[in-house]
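# attaching a predicted model along with its sequence, questions to come.
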Amino acid sequence: MRFASLSGSNPPTSPNLFGYAIPPTSLLSLVKNAFKHGDLQDQRYPLEICLEVTNNQLSVTVKNQKRGEAALASHGYGLRNLRRRLEIVYGDRAALAIEETETVFKVTININF
């Protein structure tokens, strides 16, 4: 699913996610971070949530515009804990990737089933 905006102006397409699961609260952690640390006010840069299944690999991506100088302090505990949960449940079949620029923060979880 890709949400073009929080207002739902661009309806998402749904992949068949039957049989694919992630640890509880994993997606919640990523979305919470986007609200806590992101700038979701600018409609040119909406929060993007994408779920894709390709060749038995589930990819979950959350991408948002970063806040400017008013950003909240981050210690990285949420993402560190999420990475650890994925390791416990999936071992080397899961990876958490973080891409960060001056203006954009993107986290992708890839899980091989």
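Nice, I can see it. Numbers count the residues shown, from 1 in each chain.
# regarding this protein, what is its longest helix?
Longest helix in the chain by number of residues (criterion: DSSP state H): helix 77-90.
# using CSV, write out every CA atom in the helix or strand just after that helix.
Next along the chain after helix 77-90, taking DSSP states H and E as the criterion, comes strand 94-100. C-alpha atoms of strand 94-100 as CSV (Å, rounded to 0.1, in the frame of the first residue of the first chain):
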residue,chain,number,x,y,z
ALA,A,94,15.1,-9.9,8.0
ALA,A,95,16.9,-6.6,7.6
LEU,A,96,16.1,-3.0,8.7
ALA,A,97,17.6,-0.3,6.5
ILE,A,98,17.7,3.4,7.4
GLU,A,99,18.3,6.0,4.7
GLU,A,100,18.6,9.6,5.9
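# and the contacts of the following helix or strand past strand 94-100?
Toward the C-terminus, strand 94-100 is succeeded by strand 104-112 as the next helix or strand (DSSP H and E). The contact list for strand 104-112, computed with Cβ atoms under 8 Å, 6 or more residues apart in numbering, reads 20, 22, 26, 30, 33-34, 37-38, 45, 56-66, 79, 82, 86, 90, 93-100. Every residue, glycine included, has its C-beta placed from N, CA and C.
# hmm, try it at 6 Å
The contact list for strand 104-112 (Cβ atoms under 6 Å, 6 or more residues apart in numbering) reads 30, 57-64, 66, 90, 93-99.
# any idea how far Pro46 is from Phe18?
Using Cβ to Cβ, to the nearest Å, we find Pro46 at a distance of 28 Å from Phe18.
# so the two - more neighbours on which side?
Between Pro46 and Phe18, counted using other Cβ atoms under 10 Å, Pro46 has the larger neighbour count: 18 against 7.
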